[in-house]
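Student: need a structure here:
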Amino acid sequence: MKQQEVLRHVTTPLTNPAYAPVVPRFTNREYLNIVYRTDADALRAVVPEPLEIDEPLVRFEVMKMGDVSGYGPYTESGQAIPVSFEGERGEYLHAMYLDNFPATASGREISAYPKTIGSPELFAENGALVGTLDYGSQRVATATMGYKHHRLDAREAEAQITVPTFMLKTIPDYDGSPRVFELVRTEITDVVVKEAWTGPARLQLFQHVLAPLADLPVLKVVSASHILTDLTLAPVKPVFDYLKGARS
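Tutor: Predicted structure coming up:
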């Protein structure tokens with residue numbers, strides 16, 4: 001394979017890429033969101049500057065992807081933290097666990113989503129919407145919400161899921177030192193909210209050394225939502241270069 005041909009391949013393995021070179025469109029993406037109050041010191045210990053924390057809140061989410069171009073159906077779960085950057089309010093993506101390797105690889109390599117392997121589920125059972133996350137054979141999170149108790153305004157639902165999101169893009173050099181270390185920003189676009197609900201909710205987090213969701217403990221559940229939508233993820237853009245200490 002000549003050098004010019006090599007340069008046309010941007011994924012690994014070279015001739016058998018881990019994910020398709022497509023911009024994925026999410027159809028029937030179903031959210032269970034639970035916003036809870038946590039320990040402020042624990043939050044400050046994991047949110048990187050120059051992001052700022054206003055309130056000690058965390059959003060735990062389980063997302064069931066009905067269909068995604070390039071990846072197929074899968075389920076994802078994680079924690080997002082409300083923050084602000086240069087006056088703009090958004091969320092810092094703290095941790096994401098999913099059961100689809102192509103989506104994991106592309107999320108980490110192309111963008112900066114903090115994805116790793118896990119076994120989340122989202123289903124309805126006995127009048128409750130249930131979201132769970134297992135790491136290996138161990139349960140690390142269980143969320144329950146009253147199933148479709150009260151309608152949520154579609155504009156409010158869209159506002160919840162379209163806030164800007166911030167992540168850390170890190171690429172190590174061959175000696176282990178950082179080669180790329182940037183704060184990046186992305187957002188959700190082309191949103192169609194099909195259903196939106198709210199209701200009572202509960203959340204339990206369990207200690208695990210390799211899936212430390214419980215390091216941000218649940219002190220009080222603040223709100224919950226159940227949203228069904230179609231959407232597209234915009235490309236990420238760098239907003240702060242840690243190696244230069246300035247806006248890129």
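Student: all helices of the protein, in order?
Tutor: 3-6, 40-44, 101-109, 154-161 (DSSP state H).
Student: deepest of those, which one?
Tutor: Among the helices of the chain, ranked by average contacts under mean count of other Cβ atoms under 10 Å, first place goes to helix 101-109 (a mean of 19). For glycine as for every other residue, the C-beta is placed from the backbone atoms N, C-alpha and C.
Student: so how far is that one off the chain centroid?
Tutor: Taking the mean C-alpha point of helix 101-109 and that of its whole chain, the gap between them comes to 12 Å (Cα atoms, centre = their mean, to the nearest Å).
Student: for Gly90, find the nearest of the helices of the chain.
Tutor: Proximity to Gly90 (Cβ to Cβ) singles out helix 154-161 among the helices of the chain, at 12.0 Å.
Student: quick one: list the elements packing against the closest one.
Tutor: Packing contacts for helix 154-161, counted by 3 or more Cβ pairs under 8 Å, 6 or more residues apart in numbering; DSSP states H and E, involve strand 25-37, strand 188-198, strand 220-233.
Student: out of the ones you listed, which gets nearest to Ala105?
Tutor: With Cβ to Cβ as the criterion, Ala105 lies closest to strand 220-233 of those, at 15.1 Å.
Student: I'd like the average pLDDT over that closest one.
Tutor: If you average the pLDDT over strand 220-233, you get 97.
Student: can you give me the angle it makes with helix 154-161?
Tutor: Using axes from the mean of the first three to the mean of the last three Cα atoms, to 10 degrees, the inter-axis angle of strand 220-233 relative to helix 154-161 is 90 degrees.
Student: and strand 220-233 with helix 101-109, angle?
Tutor: Using the same axes, to 10 degrees: strand 220-233 against helix 101-109 is 90 degrees.
Student: which elements pack onto strand 220-233?
Tutor: Identification of packing neighbours for strand 220-233 by 3+ Cβ pairs under 8 Å, 6+ apart yields strand 25-37, helix 154-161, strand 188-198, strand 201-205.
Student: got TSV for those, with distance to Lys64 and mean pLDDT too?
Tutor: Below are those laid out as TSV (distance: least, Cβ to Cβ, whole Å; pLDDT from 0 to 100):
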stretch	distance to Lys64	mean pLDDT
strand 25-37	4	97
helix 154-161	14	96
strand 188-198	13	96
strand 201-205	17	98
